[in-house]
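K.L.:
how would this look folded up:
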Amino acid sequence: MSRIHPTAIVEPGAQVDESVEIGPYAVIGANVTIGARSQVGSHSVLEGHTTIGEDNSIGHYASIGGRPQDMKYKGEPTKLVIGNRNTIREFTTLHTGTVQDTGITSIGDDCWIMAYVHVGHDCRIGNNIIMSSNAQLAGHVIVDDHAIIGGMTGVHQFVRIGAHAMVGGASALVQDVPPFVIAAGNKAVPHGINVEGLRRRGFSPDAISALRAAYRTLYKNSLSLEEAKVQLAELAQAGGDGDVHVKALLSFVEQSQRGIIR
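P.N.:
Next up, the predicted model:
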């Protein structure tokens, strides 16, 4: 028995594993590849040069692989690449990249992307990301592993959200959020370390304590950013479980292009 509903349209050239389930009235474009055991909900449109891995669940009315919302786009064969075991809920929009960047929008593995989320062109979404309903990413946004983005949050283009960070709902984010930090507000400001999230992911008390000290250095000690960087480098040499994480925080701050929230 076919797993493709008779009303669905799968264009010639599409590469769809025989175990994929496709619901009523879904449309699968000619340049789409879908890996084993994935599911596509009714009325969804998968188009463009889109590659979807295994064990993904795509909800009803999703728009996957659409043209980037960039006025410079002239029909180049840019891509959307989605990994494995992602949940992509109904009415989500995920767009392909542009030649002004790498040409690829990418989503990693094990992400939970809720209803009405938008991921713009050239975004790079890591693994184990949670994006609540109506979260909106403009183009070129980077979201590192294990980050959480609250519902109705808007993220400005070229912003980066660090690993294990958490952005509260209805926030407006125009600068980078360092890893491990909670941010919220319009415009978003820091609100401490994501302690509960770190505990759930197995961070040791020593590591969390080191990150709390790093947060105080960066945000609470009335230091300039350059002064804070010097002290963070010293904290990263303490010899405990937190050293690697403080180093990651410092590296993020040093590499930030838009500046960090402060």
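K.L.:
so what are the domain limits for the protein?
P.N.:
9-140, 198-255 (automatic domain parsing).
K.L.:
Rebuild these as TSV, extending it with mean pLDDT and distance to P178.
P.N.:
Heads up, the C-betas are built off the backbone N, CA and C, glycines and all. Output for the domains of the chain, formatted as TSV (pLDDT from 0 to 100; distance: least, CB to CB, whole Å):
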stretch	mean pLDDT	distance to P178
domain 9-140	98	15
domain 198-255	97	5
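K.L.:
and those, which is most packed in?
P.N.:
Between the domains of the chain, domain 9-140 has the highest mean count of neighbours, a mean of 20, where neighbours are mean count of other CB atoms under 10 Å.
K.L.:
okay, how far is it across that one, tip to tip?
P.N.:
With CA to CA, to the nearest Å as the measure, the first residue of domain 9-140 is 31 Å from its last.
K.L.:
again, but for stretch 155-166
P.N.:
The first and final residues of stretch 155-166 sit 13 Å from each other (CA to CA).
K.L.:
and F158, how many residues sit next to it?
P.N.:
The local packing of F158 (other CB atoms under 10 Å) involves 17 other residues.
K.L.:
I'd say it and C123 touch.
P.N.:
No: in this structure, F158 is not within contact of C123 by CB atoms under 8 Å, at 10.3 Å.
K.L.:
Touching both of the two, which residues are there?
P.N.:
G139, H140, V141 (CB atoms under 8 Å, 6 or more residues apart in numbering).
K.L.:
Make CSV out of those residues and add secondary structure and distance to A210.
P.N.:
Converted to CSV, the shared contacts of F158 and C123 look like this (DSSP: H, G, I helix; E, B strand; the rest coil; distance: CB to CB, whole Å):
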residue, secondary structure, distance to A210
G139, coil, 35
H140, coil, 31
V141, coil, 28
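K.L.:
where does the closest residue in space to G59 that isn't next to it in sequence fall, helix, sheet strand or coil?
P.N.:
Using CB to CB, 6 or more residues apart in numbering and skipping the chain neighbours, the partner closest in space to G59 is E90 (3.7 Å). What DSSP: H, G, I helix; E, B strand; the rest coil gives for E90 is coil.
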